[in-house]
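Asks: the sequence isn't on hand, but the structure is:
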Ligand SMILES: [Zn+2]
Ligand SMILES: [Zn+2]
């Protein structure tokens, strides 16, 4: 489980930062990746990254502003051009499907794979065997969503020492014991699975927010995430401007992280007014509020580490 | 009059070449520029160029394939974001207006300038005081056009030696003589403007083609251009593939140049299958047919030189 930031700027691309896109790489877990937002030039950023378009099976769009969606028709076309054949699902607010379908239709683009759409709205929730994702309405100029991605816990491993201490020798019976709650052996011994399994491994969880104003109520559903990805368009003193433009400051992002009790905060969506040399200042003020803050740049990547939580 | 190539690849962006866009810079002549095609990432390429989005007053789209239009919504939005206030007109085949308007509407984008549309079809022609542009249907998978841009001739300059030899001293009368065909001076002298003007300066002309198969009939309207910009998606031996995919080879581009009698040929729209080291080979085979051939790369730029033609 890795986060790879393809674009960490806001509004318009700059030489330092492209517009929004990040990829949650689940290569180890599922062999696939999920993309969040797809601003113009995302496919160009992919060229310089380990991300493979054909491995992306889901694209989630937080909101419909151009800097979050204008790269989608090109990304989908290129995935096809490169021979992608696995189906792909695009998730986003009402209107996204119309945008994508009109771009593909007018440009005469025929994809080599099945493209599906699912509309995101408050209450959206989807799960498979390993992951669960839910969407939560934020506060922006138009409907913008945050996503909570939760890995399901992994069952514990059989503890061979315990089985052998019970006189049970390795063999197919081990799998039987693992598969059911209670196993009665041929000699009459009753084995409770819970007695011979190590503790289940807790799943990891990530909260990825779209553009938003700072709001206390967001912390309710962010709570419990290991990692928070939050926009920080402006520096701390610009909270008035952040409010007016429906954005957050880096300090507000840090407050959200601190009050939600996450382990780490990654701030993206920085205004192009901030140059490389300003970032240390922004980082310092955010870390005063929440020490485990990182302000990310294009191609920054990090693993989401599985850890034992109390 | 300068040509600036922002993207010279085809189909999908590669590390070497972005998808199609070029700018005809008329800064010296009018202070403005015209863009031809606007593939995804064109605004990113502009960041590394002397091109200014707000100076672009017209965008001509040769055809609706994604690699020629997917950068348009982002370019138009960023021109607005950067405070562009001068109106802009987008010219393109039927369907382009719907693509642009749907992208801007769905993303909630409000431009700071007036955006106009004009549909391109066979017979399209527009002119102003200095330039004339016409569109010509090519042969591609969907309607694709070539443009012929013609600078109008500049009237010659007054030859002061001749006027003084006629005993006419410098003064407001010089402007009067220049403004009308025949001037009768107070002393009764009749001055024919044509006798005292140097020869008019011929205008320059450029033919810019969209994606196309090689066709003899294109030479009819290309004839007389100083400079030809022609696609060369494939190398010479791939003429069968070029035909099948509605494209041209670099040798076919050179044949078109040779038979049209242009002064120089700039080949763009190269397939990403050709790497930097292949280009010399492609250039050599094109130059065997037409010596004044250039295969252009992103950020290549050249002046269109005014010259006396016989
Ligand atoms: Zn944004
Ligand atoms: Zn093309």
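Replies: Thanks, I have it. In this text the structure is predicted, and so the values were computed from the model without any measurement. Ligands and ions are numbered 1, 2, ... in the order given.
Asks: what about the closest residue in space to residue A:190 that isn't next to it in sequence, neighbour count?
Replies: If the residues on either side of it in the chain are set aside, residue A:190 comes closest to residue A:184, at 5.5 Å by C-beta to C-beta, 6 or more residues apart in numbering or on different chains. Every residue, glycine included, has its C-beta placed from N, CA and C. A count of neighbours around residue A:184, defined by other C-beta atoms under 10 Å in any protein chain shown, yields 9.
Asks: in three-state terms, label the closest residue to chain B within the stretch 201-310 of chain A for me.
Replies: The nearest approach of the stretch 201-310 of chain A to chain B comes at residue A:272, 9.6 Å away (C-beta to the nearest C-beta). Taking DSSP: H, G, I helix; E, B strand; the rest coil as the rule, one finds residue A:272 in the coil state.
Asks: go ahead and confirm it touches residue A:12.
Replies: Yes - using C-beta atoms under 8 Å, residue A:272 is in contact with residue A:12, at 6.4 Å.
Asks: buried set for stretch A:25-43?
Replies: A:25-26, A:30, A:32-43 (16 or more other C-beta atoms under 10 Å in any protein chain shown).
Asks: isn't there a helix covering residue A:6?
Replies: No - assignment of residue A:6 by three-state DSSP gives strand, placing it outside any helix.
Asks: now do the contacts for it.
Replies: A:18, A:21-23, A:42, A:45-46, A:49, A:51, A:298-299 (C-beta atoms under 8 Å, 6 or more residues apart in numbering or on different chains).
Asks: make it 7 Å
Replies: A:18, A:21-23, A:42, A:45-46, A:49, A:298 (C-beta atoms under 7 Å, 6 or more residues apart in numbering or on different chains).
Asks: looking at residue A:272 and residue A:12, which is more packed in?
Replies: Neighbours were counted for residue A:272 and for residue A:12 using other C-beta under 10 Å; residue A:12 has more, 25 against 17.
Asks: which stretch of helix or strand covers that one?
Replies: For residue A:12, there is no enclosing helix or strand under DSSP states H and E.
Asks: where does it fall, phi/psi-wise?
Replies: Phi and psi for residue A:12, reported as degrees, to the nearest 10, are phi -130, psi 150.
Asks: burial measure for the closest residue to it other than its chain neighbours, as a count.
Replies: Leaving aside its chain neighbours, residue A:12 sits nearest to residue B:78 (4.6 Å; criterion: C-beta to C-beta, 6+ apart). Neighbours of residue B:78 under the rule other C-beta under 10 Å: 24.
Asks: same question, residue A:290
Replies: 22.
Asks: tell me if I'm right that it and residue A:258 touch.
Replies: Yes - judged on C-beta atoms under 7 Å, residue A:290 makes contact with residue A:258 at a distance of 4.4 Å.
Asks: so where's chain A uncertain?
Replies: Applying pLDDT under 70 to chain A flags residues A:308-310.
Asks: farthest residue from the center of chain A?
Replies: Largest separation from the mean C-alpha position in chain A: residue A:187, at 49.6 Å (C-alpha atoms, centre = their mean).
Asks: against residue B:165, how distant is that one?
Replies: Distance of residue A:187 to residue B:165, given as C-beta to C-beta, to the nearest Å: 130 Å.
Asks: do residue A:258 as well
Replies: Using C-beta to C-beta, we find residue A:258 at a distance of 89 Å from residue B:165.
Asks: of those two, which one has the most company?
Replies: More neighbours surround residue A:258 than the other of residue A:258 and residue B:165, with 16 against 10 (other C-beta under 10 Å).
Asks: residues touching that one, list them.
Replies: A:289-290.
Asks: so how far is the helix or strand containing it off the chain centroid?
Replies: If you go by DSSP H and E, residue A:258 is part of helix A:250-260. Centroid separation between helix A:250-260 and its chain, computed with C-alpha atoms, centre = their mean, to the nearest Å, is 18 Å.
Asks: buried residues in that helix?
Replies: For helix A:250-260, a neighbour-count test (16+ other C-beta under 10 Å) marks A:250-258, A:260 as buried.
Asks: then stretch A:196-213?
Replies: Buried, per 16+ other C-beta under 10 Å, within stretch A:196-213: A:196-197, A:203-213.
Asks: repeat for stretch A:58-67
Replies: Buried residues in stretch A:58-67, counted by 16+ other C-beta under 10 Å: A:58-67.
Asks: sort out which one of those lies nearest residue B:111 for me.
Replies: Among those, residue A:66 lies closest to residue B:111 (C-beta to C-beta), at 11.3 Å.
Asks: ok, that closest one - contacts?
Replies: Going by C-beta under 7 Å, 6+ apart, residue A:66 touches B:73-74, B:77, B:107, B:109.
Asks: could you do residue A:289 as well?
Replies: A:251, A:254-255, A:258.
Asks: check which helix or strand covers the closest residue to ligand 1 within the stretch 101-250 of chain A.
Replies: When distances are taken as C-beta to the ion, the stretch 101-250 of chain A reaches nearest to ligand 1 at residue A:211, 4.4 Å away. Per DSSP H and E, residue A:211 falls between elements, in no helix or strand.
Asks: still on that earlier bit, so of the buried residues of stretch A:196-213, which ones are in strands?
Replies: Using DSSP state E, the subset of these located in strands is A:205-209.
Asks: next, count neighbours for the closest residue to residue A:259 other than its chain neighbours.
Replies: Nearest non-adjacent residue to residue A:259, counting by C-beta to C-beta, 6+ apart: residue A:219, 5.0 Å away. For residue A:219, the neighbour count with other C-beta under 10 Å is 18.
Asks: can you name the next helix or strand after the helix or strand residue A:219 falls within?
Replies: Using DSSP H and E, residue A:219 maps to helix A:218-222. Next helix or strand after helix A:218-222 toward the C-terminus (DSSP H and E): strand A:227-231.
Asks: output the contacting helices and strands for that next one.
Replies: Where contact means 3 or more C-beta pairs under 7 Å, 6 or more residues apart in numbering or on different chains; DSSP states H and E, strand A:227-231 is packed against strand A:205-209, helix A:250-260, strand A:264-268.
Asks: report whether the helix or strand just after that strand contacts ligand 1.
Replies: Using DSSP H and E, the helix or strand that follows strand A:227-231 in sequence is helix A:239-244. No - between helix A:239-244 and ligand 1, judged by C-beta under 5 Å from the ion, nothing touches; the nearest distance is 12.5 Å.
Asks: residues touching residue A:295, list them.
Replies: Counted by C-beta under 7 Å, 6+ apart, residue A:295 has contacts A:232, A:250, A:267, A:270, A:279, A:282-283.
Asks: if you could redo that for residue A:100, that was the one I meant.
Replies: Going by C-beta under 7 Å, 6+ apart, the list of residues near residue A:100 reads A:72-73, A:76, A:90.
Asks: after whichever helix or strand it is part of, next one along is what?
Replies: In this structure, residue A:100 sits in helix A:96-106 according to DSSP H and E. Next helix or strand after helix A:96-106 toward the C-terminus (DSSP H and E): strand A:115-119.
Asks: kind regards, and thank you for your time.
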